[in-house]
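Novice: Based on what follows, work out the 3D shape:
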Amino acid sequence: MNKQIAEFFGTFTLVLFGCGSAVIAGADIGLTGISFAFGLALIGMAYGIGPVSGCHINPAVSLGMVAAGRMTMPAAIKYIIAQVAGAIAAALVLLIIATGKADYSVAANGLGQNGWGEGYLGEYSMLAAFLFEVVATFLFMVVILGATGAGAPAAVAGIAIGLALVAIHLVGINVTGVSVNPARSIGPALFAGPAALGQLWLFIVAPTIGALAAGMVFRTGLLNAPEH
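Specialist: Residues are numbered from 1 along each chain as shown. Got it, this is the predicted structure:
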């Protein structure tokens, strides 16, 4: 159970600080600051809960680990339940904090939810959003599997993975707000209104496809470190 508790708090932290940076501080820190908020939250949790659960804090990552042969499906399902619960709890806490400001409206200001199309940030197409989320999650999962694999320097894995998340956000915030994590998308969408809920499917399906593809690439041995 301690692994599920760790995943709950890890995902809670990622969503609260990542989405919170956009909702509360976005006007001051800009897209670069928001990108670093997500990455730094992940780095912090990698060292905080990594020794307990591996710090997946992302259903796509857990499923990618299954595809790579590093986790069983029953264990992944337990992780995913904890991750989604943590994300929902964080989104609720963020909503309560944000509504403490007199001129805040979830309809007008949002809750850091993901999206695409007319009225959403760069107004990119659904195809662009889907392609970005698949490719970005694939590459993110490659970094995770490589940095945590046999022979990789374990002490710096959290930094490598967190900085990869920063880079993904620097490129992709205007496209989709960057999910690469179904739990991160589910939490805010539940409170952000019908438009966010209507687009939520993409941020569950596309990251899952990307992570599973990366896991299968590692399972085939194509990206495994050579034997010395």
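
Novice: quick one: buried residues of whichever strand or helix holds residue 84?
Specialist: Under DSSP states H and E, the secondary-structure element containing residue 84 is helix 73-98. For helix 73-98, the buried set under the neighbour-count rule, 16 or more other CB atoms under 10 Å, comprises 76, 78-80, 82-92, 94-95, 98. Where you see a C-beta, it was placed from the backbone N, CA and C, and this is true even at glycine.

Novice: for the helix or strand following that helix, packing partners?
Specialist: Per DSSP H and E, the first helix or strand lying C-terminal to helix 73-98 is helix 106-109. For helix 106-109, the packing partners by 3 or more CB pairs under 8 Å, 6 or more residues apart in numbering; DSSP states H and E come out as helix 73-98.

Novice: Any idea which residue is closest to the centre of this structure?
Specialist: When the chain is reduced to its mean C-alpha position, the closest residue under CA atoms, centre = their mean turns out to be residue 181, at 3.4 Å.

Novice: Double-check that one against residue 56; I have them as touching.
Specialist: No. Contact between residue 181 and residue 56 fails when scored by CB atoms under 8 Å: they sit 9.7 Å apart.

Novice: Identify the residues contacting the strand or helix carrying residue 131?
Specialist: Element membership for residue 131, per DSSP H and E: helix 126-147. Residues from elsewhere that reach helix 126-147 (CB atoms under 8 Å, 6 or more residues apart in numbering): 60-61, 64-65, 68, 70, 115-117, 124, 152, 156-157, 160-161, 164-165, 168, 171-172, 175-176, 178-180, 202-203, 205-211, 213-215, 217-218, 223.
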